[in-house]
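Colleague: sharing a model that was predicted from the sequence below.
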Amino acid sequence: MRVYQRNRVWYIDYSFNGRRVRKRVGTSKKMAELALKEIELKMIKGEFLGITEPKAVVFDKLCEEYLNFSRANKAKSSYIRDRLSLKILQRHFSGRLITEIKPWDLEQYKNMRINEVSPCSVNRELACIKHMFNKAVEWNYLRDNPIRCIKLLKEPPGRLRYLTEEEEARLLESSSEDTRKIVMFALNTGMRRSEIFNLKWSDIDFANRRILVTKSKNNEQRIIPMNETVFEILNELRKKANSIFVFPGKNGQLKTVKTGFTKAVKRAGIKDFRFHDLRHTFASRLVMAGVDIRTVQQLMGHKDIRMTMRYSHLSDMHLKEAVRKLDGTNLAQTKIKIFGKVDNG
């Protein structure tokens with residue numbers, strides 16, 4: 001038996017007749033402790049009658065409440081993903097009571113969706129409904145989560161495209177001045193497009209040469225040190241700054257660089273390259289330069305180390321290529337047969 005806090009709300013957690021029960025109490029830890037103490041005393045006296053029956057809730061109503069929770073507690077990008085996932089899920093489960101939805105229903109859904117979209121998309125939808133049903137348990141809409149054991153699909157390795165030095169030179173040469181600054185900034189910070197667009201001068205610490213990247217919902221921060229290239233770009237932009245945003249658009253915040261960037265990529269003759277691949281390039285170059293994976297994870301802002309591990313093979317490849325360059329460079333070694341006598345010619 002315990003009390004715990006999640007997103008500023010206190011819950012009680014106890015077991016009764018072999019079943020785990022979690023209930024939302026409110027914002028007061030003291031009230032949660034009193035509620036748990038009352039249940040404990042009733043159990044001791046044999047007065048505790050058990051668990052109240054969950055409310056009968058329709059899937060659509062749960063989706064509405066979960067989206068309210070998502071909007072209040074998650075980053076904007078996560079909320080948008082949840083909204084899209086639930087819109088698709090509602091096509092299949094709309095009008096049904098959540099107590100009627102069983103594992104087999106999700107298996108059928110999974111088999112149907114895999115014929116329409118990628119495993120990654122199906123997994124996002126499954127993860128969304130599983131988490132929503134976990135919240136339904138906390139909100140006393142379900143006794144337990146009937147779909148918690150649904151397995152996600154195996155996903156193929158993620159796309160990993162990065163610029164060669166020769167491609168980078170062509171891209172920068174083909175870019176307009178404004179696009180070139182953003183491209184160079186992205187290549188040297190690894191920041192996401194949205195992070196670059198949202199970057200404000202108040203996030204720039206010139207004295208300590210660092211950039212503070214903040215997630216709006218959970219207020220998490222990561223620090224990116226400025227190298228000389230980034231410092232020069234920001235210093236130059238600061239001289240002409242007339243907006244709170246580092247890279248402003250025509251009417252305030254920059255919304256897109258797609259037109260300028262796409263044109264530059266096309267003029268440079270670079271195939272299969274997107275703006276997000278500048279971030280891949282940043283991470284790839286760090287790994288190939290010998291930077292350890294944990295440091296790369298921190299700079300990239302990856303919560304899960306598995307995201308960063310996608311780049312780990314580049315370290316081995318780069319080391320092998322470095323050693324291979326020694327072949328034929330030593331004149332003394334070229335005169336020696338590996339098996340046999342020395343060639344003294």
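Modeller: Everything's here; your move.
Colleague: mind checking the SS state of the closest residue to residue 25 other than its chain neighbours?
Modeller: With CB to CB, 6 or more residues apart in numbering as the criterion, residue 25 has its nearest non-adjacent residue at 4.2 Å, and that residue is residue 32. From N, CA and C alone the C-beta is placed, and that goes for glycine too. Classification of residue 32 by DSSP: H, G, I helix; E, B strand; the rest coil places it in helix.
Colleague: and residue 32, what does it touch?
Modeller: 3, 10-12, 25-26 (CB atoms under 8 Å, 6 or more residues apart in numbering).
Colleague: quick one: which of the residues you listed has the most company?
Modeller: residue 12 (23 neighbours; other CB atoms under 10 Å).
Colleague: hang on, that residue packs against residue 28?
Modeller: No - the pair residue 12 and residue 28 does not pass the contact test of CB atoms under 8 Å, sitting 12.0 Å apart.
Colleague: distance of the residue nearest to residue 25 relative to residue 287?
Modeller: Distance of residue 32 to residue 287, given as CB to CB, to the nearest Å: 46 Å.
Colleague: care to break this protein down by domain?
Modeller: 2-45, 59-138, 165-323 (automatic domain parsing).
Colleague: need those domains in TSV (columns: distance to residue 155 and mean pLDDT).
Modeller: As requested, those are exported to TSV (distance: least, CB to CB, whole Å; pLDDT from 0 to 100):
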stretch	distance to residue 155	mean pLDDT
domain 2-45	28	76
domain 59-138	5	92
domain 165-323	11	87
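Colleague: of all the ones you listed, which lies closest to residue 147?
Modeller: Closest to residue 147 of the domains of the chain, according to CB to CB: domain 59-138, at 5.0 Å.
Colleague: longest helix anywhere in this structure?
Modeller: Ranked by residue count and defined by DSSP state H, the top helix of the chain is helix 119-138.
Colleague: beyond that helix, next helix or strand please.
Modeller: helix 165-174 (DSSP states H and E).
Colleague: report all helices and strands that that next one contacts.
Modeller: Helices and strands touching helix 165-174, by 3 or more CB pairs under 8 Å, 6 or more residues apart in numbering; DSSP states H and E, are helix 177-189, helix 258-267.
Colleague: off-centre distance for it?
Modeller: 29 Å (CA atoms, centre = their mean, to the nearest Å).
Colleague: in it, what's buried?
Modeller: Under the neighbour-count criterion of 16 or more other CB atoms under 10 Å, helix 165-174 has 167-168, 170-172, 174 buried.
Colleague: same thing with stretch 286-303?
Modeller: 286-288, 293, 296-297, 299-302.
Colleague: so who does residue 238 touch?
Modeller: Applying CB under 8 Å, 6+ apart to residue 238 gives the contacts 201, 206.
Colleague: swap in 10 Å and give it another go.
Modeller: 201, 204, 206, 246 (CB atoms under 10 Å, 6 or more residues apart in numbering).
Colleague: one step back: now the two most distant members of the buried residues of stretch 286-303.
Modeller: Largest pairwise distance in these, by CB to CB, is 19.8 Å, between 288 and 301.
Colleague: and the domains of the chain: which comes nearest residue 149?
Modeller: Nearest of the domains of the chain (CB to CB): domain 59-138, 6.7 Å.
Colleague: that closest one spans what distance, first to last residue?
Modeller: 16 Å (CA to CA, to the nearest Å).
Colleague: next one: that domain to chain centre, how far?
Modeller: 18 Å.
Colleague: also stretch 244-258?
Modeller: So, by CA atoms, centre = their mean, the centroid of stretch 244-258 is 23 Å from its chain's centroid.
Colleague: ok, and what's touching that stretch?
Modeller: 175, 178-179, 181-183, 185-186, 193, 196-204, 211, 233-234, 237-238, 241-243, 264, 274-275.
Colleague: can you do 8 Å?
Modeller: Residues contacting stretch 244-258 (CB under 8 Å, 6+ apart): 179, 181-182, 185, 193, 196-204, 234, 237, 242-243, 275.
Colleague: in a strand, that's where residue 66 is, yeah?
Modeller: No - assessed with three-state DSSP, residue 66 is helix; it does not lie in a strand.
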